[in-house]
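Engineer: requesting a structural model of the entry that follows:
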Amino acid sequence: MRASLAGVAFALMLIAAFLAGRYAVETEASPPEPLPPGPASLEIEEARTIAVFRAARDSVVAITTSTRIIDPFTRRTGETQLGSGSGFVWDARGHVVTNDHVIQGASRALVQLADGRSLEAQVVGRAPSHDLAVLRIGGDALPAPLPRPEPGEGGLEVGQSVLAIGNPFGLDWTLTTGIVSALDRDLPGEAGRAISGLIQTDAAINPGNSGGPLLDARGRLVGVNTAIYSPSGASAGIGFAVPVSTVARVVPQLIETGRYSPPSLGLGFDARINAAVNRQGLPGALVLDVAPGSEAARAGVEPARVARGRLLPGDVVIALDGEEVEGLDDLLAMVDRRRPGDNVTLTLLRDGRRRELTLELRPGR
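Structural biologist: This next block holds a predicted model:
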């Protein structure tokens, strides 16, 4: 009996050893899957986003506009709210940048700061062609301007993280995040001219965000939120912003003169006629006017003419500095990126013959 019990115990020990060895072998052969990143790896990104928002928040403003109305029966004047939007402090002199469409048609604009103060704003300048406007506010202890990338630094890249701050639907100082989805987008603008070179982002932009800043992960201004693409009017993950390179070119001129005038070639064009020509499969920008006494006039640039109801062809600009011009919007955007005094080389086409001409850009009028 004792021998049988000892045998059973010995057998159980062998089974246990076998199972233990098998388990060890299986464990060594199948190491556990690595755990997904935990909260510790997210905290770094979250801390950076929080720091950017806290640093930028005070520089962002809410803008409400109103317009005067006259009662047709009593002839009394009053005010009615026109709309709302966002903006941000540009410099230490109290200049505030926003979208032109935020203040369009307004007779009065109020700027609300993050500390609760509401300040009367004066319109300094407008650039409808770029949907930009500058206001000015007075007062003590105004917020610091947002930092901007240094001139000459590399531009944005698709996939780069961005943050938008604004006041969508009156929900003041709202932060949304996303990435740069695409670059160099065009949108229809004033008088049929496209607003070109826009940043596309999936950071949520809604009504009321217009004029607010688009920031990079370091908290630097990279754009001004301007529009959304949405069938419903709410964010659909496609928003657009005017790039800071354009803002830095346009805003100082608005502050100095109240208007923006891009450099001039000394040539005149018509958007509707050029669009009709392009629809016929003819690329380029058809010259319709040449400024008297200009370099273009002295070089013999010939405008198209209308005689007896017929359009007689003249010179067509088909390239600028070797870059092809598909239509008038292309040419205007190329010129707009340059400055008065720059020399540009135009490629012209007339009667099937090409020629090149170098002109100095003049200050716009």
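Engineer: the longest strand in this protein is where?
Structural biologist: When the chain is parsed with DSSP state E, its longest strand is strand 174-188.
Engineer: going on from that strand, what's the next piece of helix or strand?
Structural biologist: Downstream of strand 174-188, the first helix or strand assigned by DSSP states H and E is strand 194-201.
Engineer: ok, the most centrally placed residue in the chain - contacts?
Structural biologist: Centroid-nearest residue in the chain: Ala241, 1.8 Å away (criterion: CA atoms, centre = their mean). Shown here is Ala241, whose contacts under the criterion CB atoms under 8 Å, 6 or more residues apart in numbering are 164, 198-199, 201, 214, 222-226. All C-beta spots, glycine's among them, are computed from the backbone N, C-alpha and C.
Engineer: can you rerun that using 10 Å?
Structural biologist: By CB atoms under 10 Å, 6 or more residues apart in numbering, the contact set of Ala241 is 156, 162, 164, 180, 185, 198-201, 203, 205, 209, 212-214, 222-227, 247.
Engineer: output the below-cut-off pLDDT ranges for this structure.
Structural biologist: For the chain, applying pLDDT under 70 flags the ranges 1-42, 71-75, 78-79, 81, 151-154, 190-192, 228-237.
Engineer: could you chop it up by domain?
Structural biologist: Split into domains by automatic domain parsing, the chain comes to 57-136, 161-257, 267-360.
Engineer: redo those as a markdown table? Include distance to Arg48.
Structural biologist: Below are the domains of the chain laid out as a markdown table (distance: least, CB to CB, whole Å):
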| stretch | distance to Arg48 |
| --- | --- |
| domain 57-136 | 15 |
| domain 161-257 | 6 |
| domain 267-360 | 32 |
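Engineer: Pro145: which of these is closest?
Structural biologist: Proximity to Pro145 (CB to CB) singles out domain 57-136 among the domains of the chain, at 4.9 Å.
Engineer: all the helices of the stretch 51-200 of the chain, residue numbers only.
Structural biologist: Under the criterion DSSP state H, counting those that start in this stretch, helices of the stretch 51-200 of the chain are mapped to 100-103.
Engineer: all strands for it, in order.
Structural biologist: For the stretch 51-200 of the chain, the strands defined by DSSP state E, counting those that start in this stretch cover 60-70, 77-89, 95-98, 108-112, 118-127, 132-136, 161-166, 174-188, 194-201.
Engineer: ranking the ones you listed by burial, who's on top?
Structural biologist: When the strands of the stretch 51-200 of the chain are scored by mean count of other CB atoms under 10 Å, the highest mean neighbour count falls to strand 95-98 (a mean of 26).
Engineer: sheet partners, orientation included, of that strand?
Structural biologist: Partners of strand 95-98 in the sheet, by DSSP bridges, are strand 77-89 (antiparallel), strand 132-136 (antiparallel).
Engineer: alpha carbons only: can I get the first one in CSV?
Structural biologist: Meaning strand 77-89. Below are the C-alpha coordinates for strand 77-89, written out as CSV (Å, rounded to 0.1, in the frame of the first residue of the first chain):
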residue,chain,number,x,y,z
THR,A,77,-31.4,105.8,-35.4
GLY,A,78,-30.3,102.8,-33.5
GLU,A,79,-27.9,99.9,-33.6
THR,A,80,-28.3,96.2,-34.3
GLN,A,81,-25.7,93.5,-33.9
LEU,A,82,-24.2,92.6,-37.2
GLY,A,83,-21.9,89.6,-36.3
SER,A,84,-19.0,88.3,-34.3
GLY,A,85,-15.6,86.9,-34.9
SER,A,86,-12.1,86.6,-33.6
GLY,A,87,-8.8,88.4,-33.9
PHE,A,88,-5.4,88.7,-32.3
VAL,A,89,-3.0,91.4,-31.1
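Engineer: from the chain's centre, how far out does that strand sit?
Structural biologist: The chain centroid and the centroid of strand 77-89 are separated by 22 Å, computed with CA atoms, centre = their mean, to the nearest Å.
Engineer: same question for stretch 159-175.
Structural biologist: 13 Å.
Engineer: can you show me the CA trace of that stretch as PDB?
Structural biologist: In PDB, the C-alpha atoms belonging to stretch 159-175 read as follows (Å, rounded to 0.1, in the frame of the first residue of the first chain):
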ATOM      1  CA  GLY A 159       1.100  66.800 -41.600                       C
ATOM      2  CA  GLN A 160       2.400  69.400 -39.200                       C
ATOM      3  CA  SER A 161       0.400  70.000 -36.000                       C
ATOM      4  CA  VAL A 162      -1.600  73.200 -35.700                       C
ATOM      5  CA  LEU A 163      -3.900  74.800 -33.100                       C
ATOM      6  CA  ALA A 164      -6.800  77.200 -33.700                       C
ATOM      7  CA  ILE A 165      -8.100  79.600 -31.100                       C
ATOM      8  CA  GLY A 166     -11.200  81.600 -31.500                       C
ATOM      9  CA  ASN A 167     -14.800  82.200 -30.500                       C
ATOM     10  CA  PRO A 168     -17.000  79.800 -32.400                       C
ATOM     11  CA  PHE A 169     -20.800  80.400 -31.900                       C
ATOM     12  CA  GLY A 170     -19.900  82.900 -29.200                       C
ATOM     13  CA  LEU A 171     -18.100  80.300 -27.100                       C
ATOM     14  CA  ASP A 172     -15.100  82.500 -26.200                       C
ATOM     15  CA  TRP A 173     -11.500  81.300 -26.300                       C
ATOM     16  CA  THR A 174     -12.100  77.900 -27.700                       C
ATOM     17  CA  LEU A 175      -9.100  75.700 -28.600                       C
END
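Engineer: show the contacting residues for Asp329.
Structural biologist: Neighbour list for Asp329: 186, 188-189, 192-196, 271, 274-275, 278, 285 [criterion: CB under 10 Å, 6+ apart].
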